[in-house]
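Participant: following is a predicted model, sequence given first.
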Amino acid sequence: MLDVAPFTDAPPVPHPPERPPEWRRRWTHWRNRVLGSPVFQDWASRLPIFASVSRRRAASAFDLVAGFTYSQILLAAVQTGLLDLLDAGPCNADDIARSTALSHAAATRLLRAAAALDLAEEVAPGCWMLGQQGAALRSNPGALAMVAHHPLLYADLSDPLALLRQDRQEPTALSRFWHYHSETDGEIAGRYSSLMAASQQMVAQQAMGAYAFDRHCRLLDIGGGHGAFVNALAPACPSLELGIFDLPPVLSGATNLPSRVSLHPGDFFADALPTGYDCITLSRILHDHDDDRCLRILRGIRAALPENGRLVIAEPMAGARGAKAMGDAYFGLYLWAMNSGRPRTPTEYGEMLHKAGFRHWQQKRTATPVIASVIVSSY
Ligand SMILES: C[S@@+](CC[C@H](N)C(=O)[O-])C[C@H]1O[C@@H](n2cnc3c(N)ncnc32)[C@H](O)[C@@H]1O
């Protein structure tokens with residue numbers, strides 16, 4: 001067992017806020033006044049050089065207002081199996097109504113809404129097929145599993161102000177779903193592990209594109225669930241010995257793995273991590289935990305890694321280029337509703353790694369940062 005002090009769970013002492021330079025304050029006030037002025041908006045929308053910018057801004061403002069409704073249309077499409085029906089199409093509203101147990105009017109309303117979001121496409125009057133966005137989502141089981149899981153998040157977000165005011169002190173739908181505990185029953189652990197496994201292939205692809213794992217001899221995936229990450233890695237790295245460390249009720253569901261995968265049941269807050277692995281991976285682990293707990297995990301890894309070892313962190317991170325809303329908006333609120341963790345920038349992880357005793361860290365470029373950013377760290 002590691003010699004662990006009790007968690008403080010105290011929020012980090014906030015730095016006193018810095019004040020912006022005077023010019024920045026004045027300029028931001030002036031700009032916001034101008035952009036918020038109906039007279040300016042009307043003028044800009046009629047001026048040819050501003051018209052397209054102005055239309056884009058108006059559309060994106062409306063997306064912010066209506067985003068929840070769009071997500072619920074997607075949820076209805078997933079729940080009714082609409083994307084599969086359209087893929088097998090063409091079909092008309094009566095076909096859809098029959099297959100989804102909706103009235104003709106409701107099926108027509110759903111089809112039109114789905115078409116407006118590019119999930120469906122009206123290929124001839126009254127005749128529907130899958131749209132481009134629908135085709136991309138239908139081929140992505142991880143994204144569809146997240147959509148199907150969203151009613152829990154939306155239940156917690158139905159009163160966002162109440163959720164923020166609870167200050168993560170009350171149980172939520174998401175905190176009950178993500179029940180990380182050695183005594184969690186196998187069914188609950190199996191449910192969350194399957195959800196994660198559905199999207200793991202995408203994360204593994206990002207990690208493998210960013211880092212050559214085959215330079216190592218033995219790799220341990222901490223919090224590796226049912227083994228989706230090591231399974232994705234195995235064909236690309238045929239000589240790599242693999243291991244998974246996770247809670248006992250999770251590992252009892254990890255079946256059908258190659259014989260070169262060793263299972264290490266344990267709790268990374270209470271047990272020492274297995275040694276003898278020259279690469280340790282953390283895929284979508286750290287953002288689930290508050291800072292003091294993350295530091296505890298990182299110190300445990302530092303103690304288990306040999307001197308030539310590498311730690312690879314892969315998860316969606318805050319401030320990612322072209323994917324900022326995913327970090328602090330989506331995961332910021334998701335993890336708040338989970339009552340644990342927060343999205344962090346690579347620099348914040350760098351500081352944490354230094355505190356945990358790692359001297360070097362480097363962010364590796366990934367093809368799709370909205371899915372994962374990657375950090376590699378060493379002694
Ligand atoms: C969000 S899931 C990530 C699963 C997988 N790495 C992935 O990316 O799909 C977090 C994983 O960490 C495991 N975990 C949580 N707390 C743990 C603990 N104290 N000790 C060991 N594993 C833990 C969970 O059981 C779960 O498998």
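Facilitator: Ah, there it is.

Participant: domains in the protein, by residue range?
Facilitator: Split into domains by automatic domain parsing, the chain comes to 45-138, 141-378.

Participant: between these, which gets nearest to the ligand?
Facilitator: Nearest of those to the ligand, taken as CB to the nearest ligand atom: domain 141-378 at 2.9 Å. The C-beta positions use only the backbone N, C-alpha and C, and glycine is treated the same way.

Participant: out of the domains of the chain, deepest packed?
Facilitator: domain 141-378 (a mean of 18; mean count of other CB atoms under 10 Å).

Participant: so the residue lying closest to residue 107 once chain neighbours are set aside is in which element?
Facilitator: Counting by CB to CB, 6 or more residues apart in numbering, residue 107 lies nearest to residue 97, which is 3.9 Å off, once chain neighbours are set aside. In this structure, residue 97 sits in helix 93-100 according to DSSP states H and E.

Participant: check which helices and strands that helix is in contact with.
Facilitator: For helix 93-100, the elements it packs on are helix 82-88, helix 104-116, judged by 3 or more CB pairs under 8 Å, 6 or more residues apart in numbering; DSSP states H and E.

Participant: so which residues make contact with the last one?
Facilitator: Think helix 104-116. With contacts defined as CB atoms under 8 Å, 6 or more residues apart in numbering, helix 104-116 is touched by 73, 76-77, 80, 82, 86, 93-94, 96-97, 100, 102, 120-122, 128, 131, 134.

Participant: switch the cut-off to 7 Å
Facilitator: Where contact means CB atoms under 7 Å, 6 or more residues apart in numbering, the residues beyond helix 104-116 that reach it are 73, 76-77, 82, 93-94, 96-97, 100, 102, 120-122, 128, 131.

Participant: show me where the protein has strands.
Facilitator: Taking DSSP state E as the criterion, the chain contains strands spanning 120-124, 127-130, 218-222, 241-246, 261-265, 279-283, 310-315, 360-364, 373-378.

Participant: next, format those strands as JSON lines and append mean pLDDT.
Facilitator: As requested, the strands of the chain are exported to JSON lines (pLDDT from 0 to 100):
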{"stretch": "strand 120-124", "mean pLDDT": "96"}
{"stretch": "strand 127-130", "mean pLDDT": "96"}
{"stretch": "strand 218-222", "mean pLDDT": "98"}
{"stretch": "strand 241-246", "mean pLDDT": "98"}
{"stretch": "strand 261-265", "mean pLDDT": "97"}
{"stretch": "strand 279-283", "mean pLDDT": "98"}
{"stretch": "strand 310-315", "mean pLDDT": "98"}
{"stretch": "strand 360-364", "mean pLDDT": "96"}
{"stretch": "strand 373-378", "mean pLDDT": "97"}
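
Participant: in a markdown table: the domains of the chain, plus distance to the ligand.
Facilitator: Formatted as a markdown table, the domains of the chain follow (distance: least, CB to the nearest ligand atom, whole Å):
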| stretch | distance to the ligand |
| --- | --- |
| domain 45-138 | 19 |
| domain 141-378 | 3 |
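
Participant: could those domains be laid out in JSON lines, adding distance to residue 30?
Facilitator: Output for these, formatted as JSON lines (distance: least, CB to CB, whole Å):
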{"stretch": "domain 45-138", "distance to residue 30": "17"}
{"stretch": "domain 141-378", "distance to residue 30": "24"}
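
Participant: which of these sits closest to residue 33?
Facilitator: domain 45-138 (15.3 Å; CB to CB).

Participant: nearest residue to the middle of the protein?
Facilitator: Nearest residue to the geometric centre of the chain (CA atoms, centre = their mean): residue 316, 5.6 Å.
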